[in-house]
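Structure of the sequence below:
(one chain, ligands or ions: 1)
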Amino acid sequence: MSTIPTATISRLVTYLRILTDLDFSGVKKTSSDHLAEEAQVSAFQVRKDLAYFGRFGTRGTGYLVPMLRREVRRILGLTRPWNVVIVGMGRLGQAIADYPNFYQYDFSLCGFFDIDPEKAGDQVRDEEIMHPRDMPRIVKERDIDIGFLTVPQGAAQQAADQIVAAGIGGILNFAPSVINVPEEVHVESVDFMAGLMRLSFYRQNR
Ligand code: NAD
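Prediction:
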């Protein structure tokens, strides 16, 4: 599994969105040419990405949309529920908690943590915000898999250590800092300022 390029995984997410739209529109068949056009990559790239995981189409007839959609969901681990906590219930943590569409892929928000005593007990989605010291118990009781890290940059490593110590194996890090975690823990970073800085570069050099 470690030989599969990260870019392939990112493109699989794009293919899944396209396949979901096709499926919802009642389209039964598609081709690598069509997926490629929609994803703005080459048809060769689509076939190569899918080939890491098996053979899903037939030469000449293409892919059956519901079947390929199901397979890509399975490859991405989206055929089971994932339980998520948010650590850091400030502006961003609250905004994420308000996002209504996690359920579409069976992600459940199952706990909210903040060190600020003023926030302890506040209600979010019918749950009380808890102190991070309760995280190990909650992770066990609610079978938590993923932690969203939405604390200030200076608190990110400490909060990540707490998430790892509580037994969570995946972190979606929104803080603009590199966090160190054990090898078995996977971190994905969402850095909107980094995107802005890349945009600035391309605008300047257009
Ligand atoms: P915020 O100050 O509004 O909220 C941070 C919250 O984290 C506070 O409630 C604080 O009490 C809590 N906290 C601090 N240390 C903690 C710990 N160890 N454990 C648990 N909770 C802890 O900050 P924000 O604007 O929500 O931003 C959060 C992070 O997201 C920052 O790293 C920021 O750079 C990043 N970010 C924010 C935005 C945005 O639009 N607000 C956008 C992109 C990225």
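
From now on I want contacts and neighbour counts done on CA atoms only, so please keep to that.
Will do.

now Gln158: how far from the ligand?
Using C-alpha to the nearest ligand atom, to the nearest Å, Gln158 is found at 6 Å from the ligand.

before we move on, what about Ser189?
For Ser189 relative to the ligand (C-alpha to the nearest ligand atom), the value is 10 Å.

And the pLDDT at that residue?
On pLDDT, Ser189 comes in at 95.

Dihedrals phi and psi, it?
Main-chain torsions, Ser189, degrees, to the nearest 10: phi -110, psi 140.

okay, how far is it across stretch 173-184, tip to tip?
End-to-end distance of stretch 173-184 (C-alpha to C-alpha, to the nearest Å): 16 Å.

which outside residues touch that stretch?
148-153, 156-157, 160-161, 164, 169, 187-191, 193 (C-alpha atoms under 8 Å, 6 or more residues apart in numbering).

ok, and for that stretch, which residues are buried?
Neighbour counts over stretch 173-184 (16 or more other C-alpha atoms under 10 Å) mark 173-176, 179, 181 as buried.

ok, back up a step: mind checking which of the contacts of stretch 173-184 are buried?
The buried subset of these - by 16+ other C-alpha under 10 Å - is 148-151, 156-157, 160, 164, 169, 187, 189.

Just the ones of those residues in strands?
The strands, defined by DSSP state E, take in 148-149, 187, 189 from the buried ones among the contacts of stretch 173-184.

center of this structure - which residue?
Leu172 (7.0 Å; C-alpha atoms, centre = their mean).
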